[in-house]
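Novice: Pasted the sequence and its predicted model underneath.
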Amino acid sequence: MTLFEELKRRGLLAQLTNEEEIKELINAGKATFYIGFDPTADSLHVGHFMALCLMKRLQMAGNKPIVLIGGGTAMIGDPSGKTDMRKMMTKETINHNVECFKKQMSRFIDFSEDKAIVVNNGDWLLGLNYVDVLREVGACFSVNKMLSFECYKQRMERGLTFLEFNYMIMQSYDFYKLFTDYGCNMQFGGDDQWANMLGGTELIRKKLGKDAHAMTITLLLNSEGKKMGKTEKGAVWLDAEKTSPYDFFQYWRNVGDADVIKCLKMLTFVPVEEIEEMEKTMEGAQFNKAKELLAYELTKLVHGEEEADKAREAAKALFAGGSNNADMPTTAIPAADLTDGKMGILELLVRTKLAPSNSEGRRLVQQGGVSVNDEKVTDPQAKIEITGEVIIKKGKKVFHKVIAE
């Protein structure tokens, strides 16, 4: 099975500029391709995960990845898929985020011996002369055509700033720059980036008279059509300090039955033939086995085998009523914050981020969704004694340990 066939069977392919040429390039290991990441936070998250896995698959087949970090484009913000303008960031924040991204990406991509490179588009975008850009680049873009793309249509209803309108031009210039300086012949990205990617291929064609290629990968959506990677606490991060390996494992362990096979195909390196066989017999307990496999494989990819083993054992022990909770998410409460060694259940839920507010915590308690040390708490005014280790359980699957310090 060729790489292209595998990507197809895994459901990863969305839109392509020229299927036959792209197929030939990546199967032969002759693609020098790039994927862009705007450093809008100090950690990558699940939304970046598919792009990183695609890079890894392509690199394993002999193709050369270029990781483009948007130190320049992050100064503007991509309007694609957004209903409001992104928050503006300082150069210092962007530079800090860039360094965090580089460190995390090395877990997925082999940067040794020029097998892959990292570039920052701030190195060329921030020094451009405005008039030169208008003359040399702006003249290649049709405003009418740009406004016909869905990414701009959505924002036109709420108000699209001229700042954001330039994002497509900046991203297109990136592809042109990488094509001329690094021999980059292909761009990959999420399906919501299709318009921006076409802008790059057009700019290369108009300026250089040469062909470049673009391919989008399917967005990771759940069965309800919503982007995966969000929880009540916010994004599911790849940084262990922001989302613990245990919480990361639990997120994937709890995906919906309708989503588990799709996630296994699109995100893991489990052989696709094995996943297709699982799919044929998927019922009852088989869903739980598939979810555990998904959670383990992804946690191993992001945090390493040791952390994946710990997370799996901790989850098994909890569901079996065991006491192995060393790897459970933990909150330490200063003794000075306790009254006679106790804290109200609502404040405790907010402190542990099991509830975003007191009102949400009250709703959880009143609906019978909270237990402390295996005893259900139904009184929102209850005071919980914090001695030794206190285990709070929300619903059936979310556990959190509290200790006094």
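Specialist: Now that the structure is in, tell me what you want to look at. Residues are numbered from 1 along each chain as shown.

Novice: CA atoms for contacts and neighbours, from now on please.
Specialist: Noted.

Novice: In the sheet, which residues pair with the nearest residue to residue 329 once chain neighbours are set aside? Tell me.
Specialist: The shortest distance from residue 329 to any non-neighbouring residue, by C-alpha to C-alpha, 6 or more residues apart in numbering, is to residue 400 (5.4 Å). For residue 400, the residues forming beta bridges with it (DSSP bridges) are residue 392.

Novice: neighbours of residue 400, just the number please.
Specialist: 21 (other C-alpha atoms under 10 Å).

Novice: Walk me through the domains of the protein.
Specialist: 3-217, 230-319, 330-404 (automatic domain parsing).

Novice: Figure out how far the longest helix seen in the chain is from the centre of its chain.
Specialist: Ranked by residue count and defined by DSSP state H, the top helix of the chain is helix 285-303. In this view, helix 285-303 has its centroid 17 Å away from the chain centroid, taken as C-alpha atoms, centre = their mean, to the nearest Å.

Novice: cool, and stretch 47-61?
Specialist: Here stretch 47-61 shows a centroid-to-chain-centroid distance of 12 Å under the convention C-alpha atoms, centre = their mean.

Novice: Now that stretch: buried residues?
Specialist: Buried residues in stretch 47-61, counting neighbours by 16 or more other C-alpha atoms under 10 Å, are found at 47-59, 61.

Novice: Of the domains of the chain, which is nearest residue 223?
Specialist: The minimum distance between residue 223 and the domains of the chain falls on domain 230-319, with 6.3 Å, by C-alpha to C-alpha.

Novice: rewinding a little: need the buried residues of stretch 47-61 in JSON lines (columns: distance to residue 131 and pLDDT).
Specialist: Formatted as JSON lines, the buried residues of stretch 47-61 follow (distance: C-alpha to C-alpha, whole Å; pLDDT from 0 to 100):
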{"residue": "47", "distance to residue 131": "36", "pLDDT": "83"}
{"residue": "48", "distance to residue 131": "34", "pLDDT": "88"}
{"residue": "49", "distance to residue 131": "38", "pLDDT": "86"}
{"residue": "50", "distance to residue 131": "38", "pLDDT": "88"}
{"residue": "51", "distance to residue 131": "34", "pLDDT": "90"}
{"residue": "52", "distance to residue 131": "36", "pLDDT": "91"}
{"residue": "53", "distance to residue 131": "39", "pLDDT": "91"}
{"residue": "54", "distance to residue 131": "37", "pLDDT": "93"}
{"residue": "55", "distance to residue 131": "36", "pLDDT": "93"}
{"residue": "56", "distance to residue 131": "39", "pLDDT": "93"}
{"residue": "57", "distance to residue 131": "41", "pLDDT": "94"}
{"residue": "58", "distance to residue 131": "38", "pLDDT": "95"}
{"residue": "59", "distance to residue 131": "39", "pLDDT": "96"}
{"residue": "61", "distance to residue 131": "42", "pLDDT": "94"}
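
Novice: Out of the residues you listed, which sit inside helices?
Specialist: Under the assignment DSSP H, the buried residues of stretch 47-61 contribute 47-59 to helices.

Novice: picking up where we left off before, not counting the longest helix of the chain itself, show me its contacts.
Specialist: Taking C-alpha atoms under 8 Å, 6 or more residues apart in numbering as the criterion, the residues outside helix 285-303 that touch it are 107-108, 238, 240, 245, 248-255, 257, 260-261, 263-264, 267-268, 278, 305-309, 312.

Novice: Pull the distance from the next helix or strand after that helix to the chain's centre.
Specialist: Sequence order places helix 305-319 as the next helix or strand after helix 285-303, per DSSP states H and E. Average the C-alpha atoms of helix 305-319, do the same for its chain, and the two points are 22 Å apart (C-alpha atoms, centre = their mean).
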